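Chemist: got a sequence here, can you build the structure:
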Amino acid sequence: MSPGESTGAAPALAEVVPAARGDEPLRCPFCHNPDSRVVDSRETDEGATTRRRRSCPGCGRRFTTVEEAVLAVVKRSGVSEPFDRAKVVAGVRRACQGRPVGEDQLALLAQRVEDAVRALGSAEVPSHDVGLAILRPLRELDEVAYLRFASVYRSFESVEDFEKEIADLRARHLPGGTPPLPGLPLDPPVRRRGAGRNPSTAGAG
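Modeler: Have a look, this model is predicted:
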């Protein structure tokens, strides 16, 4: 057992340390020693964060840090701010007002949006890309809410803009498949039962 640590010692202290600041000295929260030793590391939140158990060589006490990669959203004004799932949920919630959409579904949508944005592989993403990442899962969740959100996000200016979007939504339910969303890759093809079977052998036997 390390000096200064006992079963009755003060509880471990957790600090959020952005990964971007990993080159800066991490001071011990007890004695402020600028050095520490990692004794254990574990990934959480599907790899989005890393919990590290550290030991201070100065006072011998241990503490825990939670390190997370910082994802910044750059607004049209050029100002950047950390990505916030709560803001995604708040924006989508307004579009879902009066619709049969629960908080759990909104939380899952925000998770999908963050996953899609992080998959771009950049530490900074334009707010436009965040909006694009919202469109597809929202369209799958509720088409009325999607239409509301899209009308604001794409700045609809006429009835024709709404009519075109509604026509695209209706086309989703036709055998031809789902029309692509502007700015996003094509939706993956849906394999239908019986697709690819040889007509000459279908129903044989």
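Chemist: in which helix or strand does residue 111 reside?
Modeler: Taking DSSP states H and E as the definition, one finds residue 111 inside helix 103-118.
Chemist: any idea how far the nearest residue to residue 93 once chain neighbours are set aside lies from residue 91?
Modeler: Counting by Cβ to Cβ, 6 or more residues apart in numbering, residue 93 lies nearest to residue 106, which is 6.0 Å off, once chain neighbours are set aside. (Glycine included, C-beta is placed from N, CA and C.) When distance is defined by Cβ to Cβ, to the nearest Å, residue 106 is 10 Å away from residue 91.
Chemist: thinking again about what came up before, elements contacting the helix holding residue 111?
Modeler: With contacts defined as 3 or more Cβ pairs under 8 Å, 6 or more residues apart in numbering; DSSP states H and E, the packing partners of helix 103-118 are helix 85-95, helix 127-141.
Chemist: hmm, back to that, quick one, what contacts the residue nearest to residue 93?
Modeler: Residues near residue 106 by Cβ atoms under 8 Å, 6 or more residues apart in numbering: 89, 92, 93, 96.
Chemist: any idea how far the residue most central in space within the chain is from residue 60?
Modeler: Ranked by distance to the mean C-alpha position of the chain (Cα atoms, centre = their mean), the top residue is residue 114 at 1.4 Å. Taking Cβ to Cβ as the measure, residue 114 falls 38 Å from residue 60.
Chemist: what do you get for residue 53?
Modeler: Relative to residue 60, and taking Cβ to Cβ, residue 53 is found at 14 Å.
Chemist: ditto for residue 86
Modeler: Taking Cβ to Cβ, one finds residue 86 at 39 Å from residue 60.
Chemist: show me the shaky parts of the protein.
Modeler: 1-25, 45-48, 174-205 (pLDDT under 70).
Chemist: all strands for the protein, in order.
Modeler: 14-18, 37-44, 49-55, 62-68, 72-74, 80-82, 124-126 (DSSP state E).
Chemist: now for the third one, which elements pack on it?
Modeler: So that's strand 49-55. Using 3+ Cβ pairs under 8 Å, 6+ apart, strand 49-55 sits against strand 37-44, strand 62-68.
Chemist: pick the most deeply packed of those strands.
Modeler: strand 62-68 (a mean of 18; mean count of other Cβ atoms under 10 Å).
Chemist: picking up where we left off before, in TSV: the helices and strands packed on strand 49-55, plus distance to residue 167.
Modeler: Below are these laid out as TSV (distance: least, Cβ to Cβ, whole Å):
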stretch	distance to residue 167
strand 37-44	44
strand 62-68	42
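Chemist: residue 29 is nearest to which of the ones you listed?
Modeler: The closest of these to residue 29 is strand 62-68. By Cβ to Cβ, the value is 5.6 Å.
Chemist: that closest one versus strand 49-55: what angle between them?
Modeler: If you take axes from the mean of the first three to the mean of the last three Cα atoms, to 10 degrees, strand 62-68 sits at 160 degrees to strand 49-55.
Chemist: many thanks, I have nothing further to ask.
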